[in-house]
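Participant: Turn this into a model:
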Amino acid sequence: MSLQTISQERAKHALAAVEGWAKNKDASNQKELKSYVVGMPAMILMSGFGQTCAFYKGNNKGNHEVVLQALQDWLQKGDLITFITQASAQEYQLAEAESLEYLNWLKKFSRAYLQGDE
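Facilitator: Numbers count the residues shown, from 1 in each chain. Below you'll find the model as predicted:
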């Protein structure tokens, strides 16, 4: 059994999510997903982790929710909105930092595997 780094685990999870999107979404949805993935890290840095998650949750009629679900699956904190409102400051900051690391991989794989311009 080989051990993997946390970065490898992030990459593996992100790749699986993006491959699923590439396989199951049409070109228009792929383009939209790519745009939401690429924009999320900057939005977190500008508006904050909680505000960004709330925005993506509030736009749950489409691909915002798909991106948020991938992040939520990786973080394994249950419902992210509940987590954000109940977490300690330290837990919140760690989740935010981990989200940015994970989204970096998700963004790279989205650019590589999904159709459409950013």
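Participant: Which element, helix or strand, includes residue 111?
Facilitator: Using DSSP states H and E, the element containing residue 111 is helix 89-113.
Participant: Give me the residues contacting that helix.
Facilitator: Helix 89-113 has contacts (CB atoms under 8 Å, 6 or more residues apart in numbering) with 7, 10-11, 13-15, 17-19, 21-22, 33-34, 37-38, 40-41, 44-45, 49-50, 67, 70-71, 74-75, 77, 83-84, 87, 118. Where you see a C-beta, it was placed from the backbone N, CA and C, and this is true even at glycine.
Participant: Quick check: closest non-adjacent residue to the most centrally placed residue in the chain.
Facilitator: Against the mean C-alpha coordinate of the chain, by CA atoms, centre = their mean, the closest residue is residue 71 at 3.7 Å. Leaving aside its sequence neighbours, residue 71 sits nearest to residue 99 (CB to CB, 6 or more residues apart in numbering; 5.9 Å).
Participant: Pull the number of nearby residues for the one you found.
Facilitator: The burial count assigned to residue 99 is 22, neighbours taken as other CB atoms under 10 Å.
Participant: Please report the distance of it from residue 3.
Facilitator: 23 Å (CB to CB, to the nearest Å).
Participant: ditto for residue 22
Facilitator: Taking CB to CB, one finds residue 22 at 29 Å from residue 3.
Participant: and if you look at residue 110?
Facilitator: For residue 110, the distance to residue 3 - CB to CB - is 27 Å.
Participant: Counting neighbours, go ahead and name the busier of those two.
Facilitator: Neighbour count, other CB under 10 Å: between residue 110 and residue 3, residue 110 has more, with 25 against 5.
Participant: Check the more buried one and give its pLDDT.
Facilitator: Residue 110 carries a pLDDT score of 96 in this model.
Participant: again with the one 4 residues further on
Facilitator: As summarised for this prediction, residue 114 has a pLDDT of 94.
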